[in-house]
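J.: have a look; sequence and predicted model below, questions after that.
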Amino acid sequence: MPLEGPARIVRELTSHGYNAEREAVTLLAGADRPGAVLERVIETVPDDALVVTTEHVRTAMETVEAGNEAAVRAANVTETQSQRNSEPTIESSSESAGNAGIETTSGTETTPAPSPDEDPSVSTGDRTPVPTQGGGEDRPETRGARKPIDPSKQAVAIANDMTGESTGTGEYKDFVAVFRDRLERLGSKLKGRVNHRPATSIQSMPGGGEVGMVGLVNDVRSTASGHWLIELEDATGTFPWLVMKDREYADLVDELLCDEVLAMEGTLADDSGIAFVDSMYFPDVPRTHEPSTADRHVQAALISDVHVGSQEFMADAWNAFTDWLHTEAAQHVEYLLIAGDMVEGVGVYPNQDEELEVVDIYDQYEVFNEYLKQVPGDLEIVMIPGNHDAVRLAEPQPGFDERLRGIMDAHDPRIVSNPSTVTLEGVSVLLYHGVSLDEVIAELPAEKASYDEPHRAMYQLLKKRHVAPQFGGHTRLAPEERDYLIIDEVPDIFHTGHVHKLGFGKYHNVLAINSGCWQAQTDFQKSVNIDPDAGYAPIVDLDTLDVTVQKFS
Ligand code: D5M
Ligand code: FE
Ligand code: ZN
């Protein structure tokens, strides 16, 4: 039924200076959306035309209908995505006006930090409506909304990204090369501290003298009498070092991981077949390390383990987080770092398919990209892959391939390898997903590394100046001609995820943050007794390196 009467149409046209053919008016009045077609006619009729013809109306009708179809298509896409995302209540962005302020309070942590469970100042953000498409840029101005970022003040630099640089073939010579590189580069940090000798020449030194060596830990064994025997290896061979159980260094033996680089100093036995350890040195971070800070008050949100595609992905918490990012309270958050496990992946652990919301890996990244669109468009986003992502499992993991980059193109994120170092306005952040943390936690005593205090496990990696020292264990390593897993330069911030626990603190002035996750406990995690910290966003002040935790679950 026509909504616009012919009389009104004629009146409207004459008011714009046009007469109209009678057939043209009839055609217009009978259109599906006469108001829209009339508007289009007025827009498109040449200024010098005196009479609106049926031809003008037909052209206008076609363009209005084409626009209509596009709108319908867009609406369908939104609906499909919202179903996929299992979002029960999707409200339009216009309905969110005046309702976007989340009541979120936050606490600023000093270090060493208590876990969030013990922190009374961390409180919950409520769920508020979110736009379902179009990203932050299209969001209407709301009370308390953040102001646009001045991009001329932002600065991002990437280092140690090995994407596209992989040369390893997995052959024996690659393993030799990567370990030689590790020994040389980490060894050079230790050689000034001890009077070192090659392993094979130590045996020919006179018994009873002082000796030093720099090498990779090849083996750690306890002896029948409760002492410790540590075999160190260098380019020439191996040499055994004995740590007596009552010496102060005995406490450090339980921290050792195979293949980490160490220096030892001690006294040779009479037959020069073994040395008694007097001192042990780790490459470590100097205690005097002074971190760099940004020149202005600006913040970065550090997150990881989003696990989109899992039935346990916490869409409500994510929506609350991205809503918060749009508010004035998040005005200074100009960077978002994501330390791996964007999606749940496929076939990562036994029976995982039973808990998948989205079963196709590419669809998972499509949905992830939709969630990424909710982040304000002017934030700089940097992301690395994790063990659930669709890149090779062995570390270093290159950044996502072209197809996945094409899918995750919202806001043009910087996609780099795991690990990589990103420097934000002078503050360097070492991003590493964190698979080796499982190993550190398994091998070390609980007071030195545990799931409840994941940052302490990170301290160990800083001390060893290597993100995944142990070869041949749980963490898979791919030999490259360089060891990309070495922590060559001391970062200002070390950011990991993977263990799904929130924890942070400072080690020799380096801020270590493990960022929790956005996935509720899976059946698998239940079976291995992992109780995740889900829905937290640690926010770092880049001018002070203070941390505030925002909770959204
Ligand atoms: O890792 C989430 C957490 O689950 C992390 O702490 C490791 C742990 N995890 C993962 N796989 C295993 C196995 N096979 N055994 C024990 N614990 C495991 P995510 O990478 O997100 O799955
Ligand atoms: Fe994870
Ligand atoms: Zn992981």
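T.: Yep, that arrived. Residues are numbered from 1 along each chain as shown. Ligands and ions are numbered 1, 2, ... in the order given.
J.: how about the residues of the stretch 351-500 of the chain by ligand 3?
T.: 386-387, 498 (CB under 5 Å from the ion). No exception for glycine: its C-beta is placed from N, CA and C like everyone else's.
J.: name the SS class of the residue positioned nearest the centre of the chain, please.
T.: The residue lying closest to the centre of the chain (CA atoms, centre = their mean) is residue 338, at 1.7 Å. For residue 338, the assignment made with DSSP: H, G, I helix; E, B strand; the rest coil gives strand.
J.: who's the nearest residue to it once chain neighbours are set aside bridged to?
T.: Sequence neighbours aside, residue 383 is the residue nearest to residue 338 in space, at 4.1 Å (criterion: CB to CB, 6 or more residues apart in numbering). Residue 383 has these beta-bridge partners by DSSP bridges: residue 338, residue 415.
J.: how far away is residue 383 from residue 458?
T.: 19 Å (CB to CB, to the nearest Å).
J.: how does this structure divide into domains?
T.: With domains defined by automatic domain parsing, the chain comprises 6-84, 122-148+155-166+288-551, 190-281.
J.: and the average pLDDT for the second one is what?
T.: pLDDT averaged over domain 122-148+155-166+288-551 equals 91, rounded to a whole number.
J.: returning to that earlier point: looking at residue 383 and residue 458, which one has more neighbours?
T.: residue 458 (31 against 27; other CB atoms under 10 Å).
J.: quick check: the residue lying closest to that one once chain neighbours are set aside vs ligand 1, distance?
T.: Nearest non-adjacent residue to residue 458, counting by CB to CB, 6+ apart: residue 512, 4.0 Å away. Going from residue 512 to ligand 1 by CB to the nearest ligand atom, to the nearest Å gives 16 Å.
J.: check whether residue 267 really touches residue 247, as I assumed.
T.: No. Applying CB atoms under 8 Å, one finds residue 267 not in contact with residue 247, separated by 11.6 Å.
J.: returning to that earlier point: identify, from the residues of the stretch 351-500 of the chain next to ligand 3, the entry nearest to residue 366.
T.: Nearest to residue 366 among these, counting by CB to CB, is residue 386 at 18.3 Å.
J.: please report phi then psi for that closest one.
T.: Note on residue 386: backbone dihedrals following degrees, to the nearest 10 are phi -130, psi -170.
J.: how far away is it from ligand 1?
T.: From residue 386 to ligand 1 the distance is 6 Å (CB to the nearest ligand atom).
J.: my read: that residue touches residue 305, true?
T.: Yes. In this structure, residue 386 is within contact of residue 305 by CB under 8 Å, at 7.0 Å.
J.: residues shared between the contacts of the two?
T.: Residues touching both residue 386 and residue 305 (CB atoms under 8 Å, 6 or more residues apart in numbering) are 339-341, 497-498.
J.: list the contacts for the residue of the chain found nearest ligand 3?
T.: Per CB to the ion, residue 498 is where the chain lies closest to ligand 3, at 3.8 Å. Shown in contact with residue 498 (CB under 8 Å, 6+ apart): 304-305, 339-341, 386-387, 433-435, 437-438, 514.
J.: what about 10 Å?
T.: Residue 498 sits next to 304-305, 339-341, 386-388, 432-438, 454, 514-515, 517 when contact means CB atoms under 10 Å, 6 or more residues apart in numbering.
J.: measure how buried the closest residue to it other than its chain neighbours is and give me the count.
T.: Excluding its sequence neighbours, the residue lying closest to residue 498 (CB to CB, 6+ apart) is residue 434, at 3.3 Å. Applying other CB under 10 Å, we find 32 residues neighbouring residue 434.
J.: give me phi/psi at residue 434?
T.: phi 120, psi 20.
J.: isn't it right next to residue 499, touching?
T.: Yes. Contact criterion CB atoms under 10 Å: residue 434 and residue 499 qualify, at 6.2 Å.
J.: list the residues that contact both of the two?
T.: Shared contacts of residue 434 and residue 499, counting by CB under 10 Å, 6+ apart, come down to 304-305, 440, 454, 457-458, 514-515.
J.: which one of those is nearest to ligand 2?
T.: When the shared contacts of residue 434 and residue 499 are compared against ligand 2 (criterion: CB to the ion), the nearest one is residue 305, at 3.6 Å.
J.: just to revisit the earlier point, ok, the residue nearest to residue 338 to residue 183 distance?
T.: Distance from residue 383 to residue 183, by CB to CB: 32 Å.
J.: next: residue 422.
T.: The value you get for residue 422 to residue 183, if CB to CB is used, is 27 Å.
J.: next: residue 412.
T.: In terms of CB to CB, residue 412 sits 39 Å off from residue 183.
J.: again, but for residue 436
T.: Counting by CB to CB - residue 436 and residue 183 are separated by 19 Å.
J.: more neighbours, the two?
T.: Taking other CB under 10 Å, residue 436 and residue 183 do not tie; residue 436 has more neighbours (28 against 19).
J.: what sits against the residue in the chain that ligand 1 sits nearest to?
T.: Nearest residue of the chain to ligand 1 (CB to the nearest ligand atom) works out as residue 499 at 3.8 Å. Residues near residue 499 by CB under 10 Å, 6+ apart: 304-305, 434-435, 437-438, 440-441, 450-452, 454, 457-458, 514-517, 530, 532-533.
J.: just residue 347 next, same as before
T.: Contacts for residue 347 (CB under 10 Å, 6+ apart) come out as 353, 356, 361.
J.: are any of those buried, and which?
T.: Neighbour counting over the contacts of residue 347 (16 or more other CB atoms under 10 Å) leaves 356, 361 as the buried ones.
J.: need the contacts of residue 347 in CSV (columns: secondary structure and distance to residue 54).
T.: Formatted as CSV, those follow (DSSP: H, G, I helix; E, B strand; the rest coil; distance: CB to CB, whole Å):
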residue, secondary structure, distance to residue 54
353, helix, 59
356, strand, 55
361, helix, 53
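J.: next, format the contacts of residue 347 as a markdown table and append distance to residue 318.
T.: Output for the contacts of residue 347, formatted as a markdown table (distance: CB to CB, whole Å):
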| residue | distance to residue 318 |
| --- | --- |
| 353 | 23 |
| 356 | 17 |
| 361 | 19 |
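J.: count the residues that sit near residue 235.
T.: Residue 235: 15 surrounding residues under other CB under 10 Å.
J.: how about it, what does it touch?
T.: Contacts of residue 235 were listed using CB under 10 Å, 6+ apart, and they are 176, 179-180, 183-184, 187, 198-200, 215-216.
J.: per-residue pLDDT, it?
T.: 95.
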